[in-house]
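Q: What shape does this take:
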Amino acid sequence: ALRPFGGEHAIQTAAVAFTWSTEMPLSDLRSLRSRAATAVEIKQAFPTIEDRHVVKFALNNVGSSDARANAPSVQTGPFVLNSLPATNDVAPARSIAVDMRQVVISIADYDRWSKLLEDLQLYLPTLFSSFSARNSISTIGLQYVDAFEWQADRSELDLKAIFKETSPYIVGNAFRTGENWHSHHGLFTTINQPITYRRLDNINI
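A: Reported below is the predicted structural model:
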């Protein structure tokens with residue numbers, strides 16, 4: 001009675017994020033938007049662009065009774081590339097959000113990791129083609145959600161038949177309650193190959 005979300009796989013959504021080492025100037029964002037709007041490989045996969053606005057203002061006399069804000073300035077720069085919706089859906093199947101701090105690629109139509117990697121190798125060269133040293137990537141993130149649906153009476157759900165009791169990722173209390181529960185933890189691991197980096201794993205069940 002336990003069914004994975006995607007039929008042959010359980011991944012409901014996935015997202016890949018690239019964070020800049022320093023904040024990207026708005027002028028660089030506008031140049032990146034121009035390239036994304038004209039590059040064939042981007043236009044075919046993401047036919048629509050939504051511009052986002054940056055609102056900046058300063059507070060004077062913070063903490064005093066006459067605290068006031070200066071007139072805000074509104075600038076354009078960040079943008080979101082949207083694909084067409086998946087079948088029988090209204091939301092885009094994929095999107096790429098670009099702002100001063102990061103690029104986030106959100107995937108709601110996941111198929112297989114090998115296919116996702118092929119797609120990223122198509123998009124990323126255009127998005128990252130004019131990077132300078134000050135805008136190098138400092139962090140890469142991957143987040144994905146595995147979802148399963150139990151298609152029977154809840155009283156028949158035996159967690160011990162689904163999760164290992166000795167799993168290091170689940171607290172023991174999960175097997176001692178018939179109610180809803182939540183397990184969340186994270187840990188750092190040092191990786192040496194193919195390059196040395198520090199990986200943070202966050203596991204949310």
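Q: What number of residues are in the vicinity of Val171?
A: Counted by other Cβ atoms under 10 Å, the residues lying close to Val171 total 14. (C-beta placed from N, C-alpha, C; glycine too.)
Q: next one: the one 4 residues further on
A: The local packing count at Phe175 equals 13, with neighbours defined by other Cβ under 10 Å.
Q: distance of it from Lys160?
A: 6 Å (Cβ to Cβ, to the nearest Å).
Q: residues in contact with the biggest helix by length in the chain?
A: When every helix of the chain is counted residue by residue (DSSP state H), the longest turns out to be helix 113-127. Residues lying outside helix 113-127 but in contact with it, judged by Cβ atoms under 8 Å, 6 or more residues apart in numbering, are 14, 16, 32, 35-36, 39, 41-42, 45, 96, 98, 103, 105, 107, 110.
Q: What residues of that helix count as buried?
A: Of the residues in helix 113-127, those with enough neighbours to count as buried (16 or more other Cβ atoms under 10 Å) are Leu116, Tyr123, Thr126, Leu127.
Q: With distance to Ala1 and pLDDT added, can I get these in CSV?
A: CSV is the format used below for these (distance: Cβ to Cβ, whole Å; pLDDT from 0 to 100):
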residue, distance to Ala1, pLDDT
Leu116, 29, 90
Tyr123, 39, 84
Thr126, 45, 81
Leu127, 43, 80
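Q: Show me what secondary structure element comes after the helix or strand bottoming out on mean pLDDT in the chain.
A: Lowest by mean pLDDT, DSSP states H and E among the helices and strands of the chain is strand 68-69, with a mean of 66. Sequence-wise, the next helix or strand downstream of strand 68-69 (DSSP states H and E) is strand 73-82.
Q: Pull the number of nearby residues for Ala45.
A: Close neighbours of Ala45, defined as other Cβ under 10 Å, add up to 18.
Q: Enumerate every residue touching it.
A: Residues in contact with Ala45, defined by Cβ under 8 Å, 6+ apart, are Ser83, Arg94, Asp119, Leu122, Tyr123.
Q: Now with 7 Å, please.
A: Under the criterion of Cβ atoms under 7 Å, 6 or more residues apart in numbering, the contact partners of Ala45 comprise Ser83, Tyr123.
Q: Could you do Ala97 as well?
A: Ala97 neighbours (Cβ under 7 Å, 6+ apart): Val80, Val104.
Q: and if you look at the one 4 residues further on?
A: For Arg101, the contact set (Cβ under 7 Å, 6+ apart) comprises Thr19, Trp20, Glu23.
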